Structures are given as C-alpha cells and as structure tokens.
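1. how would this look folded up:
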Amino acid sequence: MAACVCRALRTALALTARAARFGPDRTHAHRSVTRTCRSGPSVSSGRLQEDGEERGHGGRQGHGGRQGLGGAALWAALGFSLFGGREEDEAQRKQDEMILLLKKAKMSLLRDQPGAAHSFLHQALGLAQQLHHQDALLYCYTLMANVALVRGQLEQAEKLFKAGLSVILSRGTPENDNAVIEISLKLASIYAQQDRLELAEHGFRFCVESLEEKLKEEKLKEEKLKEEKLKEEKLKEEKLKEEKLKEVKLKEEKLKEEPEELTEEQQMILKDTRLLLGLVLDSRSRFWTQRSDLVRAEDDLRRSLSICREEQGEDHPQTVVLLSDLASLLDLRGNRPEALVLIQRAVDLGRTQDHPEQHVLLCNMAAILLHSGDLEAAARFYREALALAKLRKDDEAVEQIQDGLKELRATRGQ
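-> Residues are numbered from 1 along each chain as shown. Model prediction:
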C-alpha cells in the first residue's frame, strides 16, 4: 500500500510544472489494471485535519496537472512579494517559517513520507492564511488536493481543489485560463468516480468547449495579425516611388506565402493548450467508456491520440499508451483487425524504448489475440507479460495476467 501511495505522489509532484503535458509521468495502463490508494487530509471549518477513516479508490492516477505553482516560482514569489522595504520582524519570521515548511513538505513527498508532508503543509497553510499570501495558499491547496486525490480521498480532494480554484478566480483570472480548466478537469474526474454523472458530463463539456473556443480565438488573432501586417505593407507601398513598386509587390507575395511566425512564448502557450485538450479528451473518453457509450469514447480517444502524435511524436511513451488504450477500446467494440494493428505497433514501440508499462502492453496484446481466437499466440504473450510483471514487482498486473491465463485455459477446454 505504501509503495502505491508513494508512486502516485511522485507522479503528482512531477506534474506541478507550468505545462499540462502528455509525458512519461502520465502513463496509465489497461483500464482493467488498477491501483488502490487510501487516506488523505480532510477539511473542517476551513482548517486541514487528519482524517481517521480510510477510504479507497481504484484507478491509476495519470492526470495530475499543475499544482498551482512551480517550486522555483513559488520561492521567488515568497521571497519578494510579501513585505517590500521595512518588514516587521514578526511578519518576516512567519514568512521564513512558511518557506521552510513548504520545502520540508516537498522533501517529505520525495522521500515517500506523505503523512509528514501533510503535517508541514497544514502548518504552512495556517501561516499563509495569516499572511494573506495568495501564491502560498494556492500552492498548499493544490498540493494537498493532489495528495488527497491519489490516496482516494475524493470528497477531500474536491473541497481542496475548489478552494484553490477560488483563489485563482479571486485574482481576476478568466474562466478559460488553462489553470482553471486543469482544476475543472480534476473535479469532473472526481464526479465521474463518484457517479455524479450530470456534474461530470457538464465539467468535461466545459473543459472541451473552453479549450476549443480558446484555440479558435488564437487562430483568429493569428489571422488578424497577418491581415494587419498585409495592410501595413500596402500602405507603405503607396508611399514608395514607382520604380520600387515591383520590389514591394514581391515582398507582399512573400508575406502571403510565409505565415506570420509566432513568438516562442506564443508557441509554448499554443502547444500547452493543445496538449491540455488532448488530456481532457482522453479523460472524457474513459468517462464515456464507464457509461458504455463506446462510440463517443472512441471518437474522443482518436482525437487525443492525434494531438499526442502531432505534438509529442509517434514514439513518445504517452503515444504508446494511447495506442494501447485505443486498441483495447476497439477490441471491446469488436473491431479486432484494427485493434491488432494498433496494439502490435504499441508493443513494438514499447520494446524499443523499454517502456515502463511494457508488461501491460503485452497483456493487452494477449487479450486481443485471445478474443481473436489465436490461442497459441495469446498464451505466448501472456507468459512474456507475466515474467516481466514479476520482474518489475507489479503484483496487481500479475493478478490481471493470471486471470487472462485462466480465461485462456477455459477457452481451450471448450
């Protein structure tokens, strides 16, 4: 159990970066292979307390997003934003103590000590509330929410994410900001796990529609910049002498052929937004699958895979995971020829890069072969998957693979 919690906490820490990206940290396995994580912080009367009850929830946590602030940005903000000029001694002492507590909390998580991290965060939150420091409040809320989420404390995580969202919106942050959408995605995922289906569907729809509208607006801005640039060139053209007219027209043609280049920052924001859309579509696909709406689940998953391929590349570890997921979904829908092509591609890519979930990919391959009637090949892949799962000490995957072998033996006995 401790190893499960620690693995999930490391994933949550790795995802505090600015971009909500697809990456190796966000590796999820076949939908039937789950983890169970328990315990987490709770909220009572605005203060954080330790919850004595243990509540579990299944599911690999592959959708951690930013936790409000990146570490370096937080320390810089704390160091310079509280008290400019002549700070009072007591306020300065609290500020230094809060910074130390946040550093200790982060180190505790890296050392697989979630209980100690919770205690440090609880103390830091109290100081942040006294100092009215919004950056520190947001950091504490979102980090504690992610800890609660990966430990299965869904109600607790919901309250903390909402508290963090309140801090973000109180700053005048627009509702379509990526930080708002990331928290909205986590809330929608929580609602889905709690079977609060209307809220979950509304949340996923908000995320998808907001991101699509944002991308549309960015495209319109880009086109408007091109038009304005073209008009500017035309005005200059009118002022030039007749002998330079030809040269101006050539520049205009070149401008039309070559699209206006975005700045590096604009390119990063655009990529971040597209990857976040892919993440939302992947989450909503699993939501549709849980509701047995496989048509909409397939559509969302194909779009998510397309975005990941374009932004991350065909051989990226997350692309491999999405290929496997789509193959398993197609197997559920009975489209086994395409499912076999996709899972074979995922397994081949996984072998070349020593994918951390290679044993799960092999298990998915064996299951699809079994459903296709190729029992000998299915047995071969199940054995390879079992050996690798034992080597990597993935007990739950071992159990899943053994269940597949039982199904295989039952099929042979028919």
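
2. Least confident secondary structure element in this protein?
-> strand 36-38 (a mean of 30; mean pLDDT, DSSP states H and E).

3. give me the element residue 126 is part of.
-> helix 114-131 (DSSP states H and E).

4. Please work out the average pLDDT along that helix.
-> Averaging pLDDT along helix 114-131 gives 87.

5. ok, and for that helix, which residues are buried?
-> Buried positions in helix 114-131, judged by neighbour count with 16 or more other C-beta atoms under 10 Å: 114, 117-128, 131. Bear in mind the C-beta positions are built from the backbone N, C-alpha and C, glycine included.

6. before we move on, what about stretch 200-212?
-> By 16+ other C-beta under 10 Å, the buried positions in stretch 200-212 come out as 200-201, 203-204, 206-208, 210-211.

7. Repeat that for stretch 388-408.
-> So, applying 16+ other C-beta under 10 Å, buried residues of stretch 388-408: 388-389, 394, 396-398, 400-401, 404-405, 407-408.

8. before we move on, what about stretch 296-306?
-> Going by neighbour count (16+ other C-beta under 10 Å), the buried part of stretch 296-306 is 297-298, 300-305.

9. Tell me which of those fall in helices.
-> Taking DSSP state H as the definition of helices, the buried residues of stretch 296-306 contribute 297-298, 300-305.

10. just for the stretch 1-150 of the chain, where's the confidence low?
-> Within the stretch 1-150 of the chain, the stretches with pLDDT under 70 are 1-87.

11. let's see it at 80
-> 1-88, 114-115, 150 (pLDDT under 80).

12. longest helix of this protein?
-> Longest helix in the chain, counting by DSSP H: helix 197-239.

13. and that helix, average pLDDT?
-> 88.

14. try stretch 168-183
-> 92.

15. Please tell me how far that stretch is from the chain's geometric centre.
-> How far stretch 168-183 lies from its chain's middle: 16 Å, per C-alpha atoms, centre = their mean, to the nearest Å.

16. likewise stretch 212-232?
-> With C-alpha atoms, centre = their mean, you get 28 Å for stretch 212-232.

17. Please identify the buried residues of it?
-> Buried residues in stretch 212-232 (16+ other C-beta under 10 Å): 214, 218.

18. Export the ones in helices among the buried residues of stretch 296-306 as a markdown table, with columns for pLDDT and distance to residue 181.
-> A markdown table is the format used below for those (pLDDT from 0 to 100; distance: C-beta to C-beta, whole Å):
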| residue | pLDDT | distance to residue 181 |
| --- | --- | --- |
| 297 | 94 | 21 |
| 298 | 95 | 23 |
| 300 | 95 | 16 |
| 301 | 95 | 19 |
| 302 | 95 | 21 |
| 303 | 96 | 16 |
| 304 | 94 | 15 |
| 305 | 94 | 20 |
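
19. JSON lines please, covering those and showing distance to residue 106.
-> Below are these laid out as JSON lines (distance: C-beta to C-beta, whole Å):
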{"residue": "297", "distance to residue 106": "37"}
{"residue": "298", "distance to residue 106": "40"}
{"residue": "300", "distance to residue 106": "34"}
{"residue": "301", "distance to residue 106": "34"}
{"residue": "302", "distance to residue 106": "38"}
{"residue": "303", "distance to residue 106": "35"}
{"residue": "304", "distance to residue 106": "31"}
{"residue": "305", "distance to residue 106": "34"}
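
20. Just give me the closest of these to residue 363.
-> residue 301 (18.9 Å; C-beta to C-beta).

21. which ones are touching the residue lying closest to the closest one once chain neighbours are set aside?
-> Distance criterion C-beta to C-beta, 6 or more residues apart in numbering; nearest residue to residue 301, sequence neighbours excluded, is residue 285 at 4.1 Å. Residue 285 sits next to 296-298, 300-301, 304, 325, 329 when contact means C-beta atoms under 8 Å, 6 or more residues apart in numbering.
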